[in-house]
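S.K.: Here is the input, now give the coordinates:
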Amino acid sequence: MAMDMNVHKLLVIGDSDLLIHHVQREWAVNNPKITPYVRYVQKLCKRFRKIEFRHTPRMQNELADALATITSMIKQPVHCSHVEAEPDGLPWYFDIKKYLETGTYPDNATFNKKKSIRRMTLNFFASGEILYRRTTDLSLLRCVDASEAAKLLEQIHAGVCGTHMNGLTLDRRSSRLVIFG
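M.R.: This next block holds a predicted model:
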């Protein structure tokens, strides 16, 4: 959001002292699960003329608590792209995730396929076994395979995820659903 607003100087107040020290390269990152996240934040830092990180303990940060409470009350939109069967038995995002984790390509990958995988990985973030796609507003969308996507759509249409509504309203709401699968 700060980049969209052409902000040149940014003050980041966070309650994770560890993460702030990692991003500022003051401490080494020993947890491989957060390495991609730290690298991504460091990459974003380069887009600002000046960026300052300040640690505020969670107990002293009433603003962060208030924002977290408000955020939890807002229903986030869900997004869905076309989900197809996976003929090879692997999820659609397998090559992207493999490249993020190991830096390797599929054995039969052409030059163009490798280039495409590298380009796509810029928009993805792995956290443990879960792969997320970053949106332009830096939200993270969870990637799911065809099987999980079908289950999620079934639950949504059955009303498990909230009150069931009439067909027209449900259709409108479903059109905003994106499950990266």
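S.K.: what's the distance between I51 and S16?
M.R.: Shown here: I51 relative to S16, a distance of 16 Å by C-beta to C-beta, to the nearest Å. Glycine gets a C-beta too; all of them are placed from N, C-alpha and C.
S.K.: Could you pull out the helices in this protein for me?
M.R.: Ranges of helices within the chain are 17-23, 35-45, 62-73, 94-102, 111-121, 146-158, 167-174, based on DSSP state H.
S.K.: For the longest one, name the packing helices and strands.
M.R.: Yep, that's helix 146-158 we're talking about. Helix 146-158 sits against helix 167-174, with contacts defined as 3 or more C-beta pairs under 8 Å, 6 or more residues apart in numbering; DSSP states H and E.
S.K.: and the helix it packs on, what's its mean pLDDT?
M.R.: Mean pLDDT, computed over helix 167-174, is 43.
S.K.: Same check on stretch 97-113?
M.R.: Mean pLDDT, stretch 97-113: 89.
S.K.: Okay, buried residues for that stretch please.
M.R.: Burial within stretch 97-113, assessed by neighbour count using 16 or more other C-beta atoms under 10 Å, is assigned to K97, K98, Y99, L100.
S.K.: between I51 and S16, who's got more neighbours?
M.R.: I51 (19 against 12; other C-beta atoms under 10 Å).
S.K.: What's the separation between A149 and P91?
M.R.: For A149, the distance to P91 - C-beta to C-beta - is 10 Å.
S.K.: now swap in V23 and tell me
M.R.: The gap separating V23 from P91 is 30 Å, by C-beta to C-beta.
S.K.: The two - which one has more neighbours?
M.R.: More crowded of V23 and P91, by other C-beta under 10 Å: V23, with 23 against 19.
S.K.: re the thing from before, out of the buried residues of stretch 97-113, which is nearest to M59?
M.R.: Nearest to M59, judged by C-beta to C-beta, of these is L100 at 35.1 Å.
S.K.: now the residue positioned nearest the centre of the chain, nearest residue through space, not along the chain?
M.R.: Geometric centre of the chain, nearest residue: L140, 2.3 Å, by C-alpha atoms, centre = their mean. Spatial nearest neighbour of L140, excluding adjacent residues (C-beta to C-beta, 6 or more residues apart in numbering): Y132 at 3.9 Å.
S.K.: Repeat that for R47.
M.R.: That would be M3: by C-beta to C-beta, 6+ apart, it lies 5.7 Å from R47.
S.K.: and the gap between the closest residue in space to V41 that isn't next to it in sequence and T104?
M.R.: Nearest residue to V41, sequence neighbours excluded (C-beta to C-beta, 6+ apart): V23, at 4.9 Å. Counting by C-beta to C-beta, the separation of V23 from T104 is 27 Å.
S.K.: With that, I have no additional questions.
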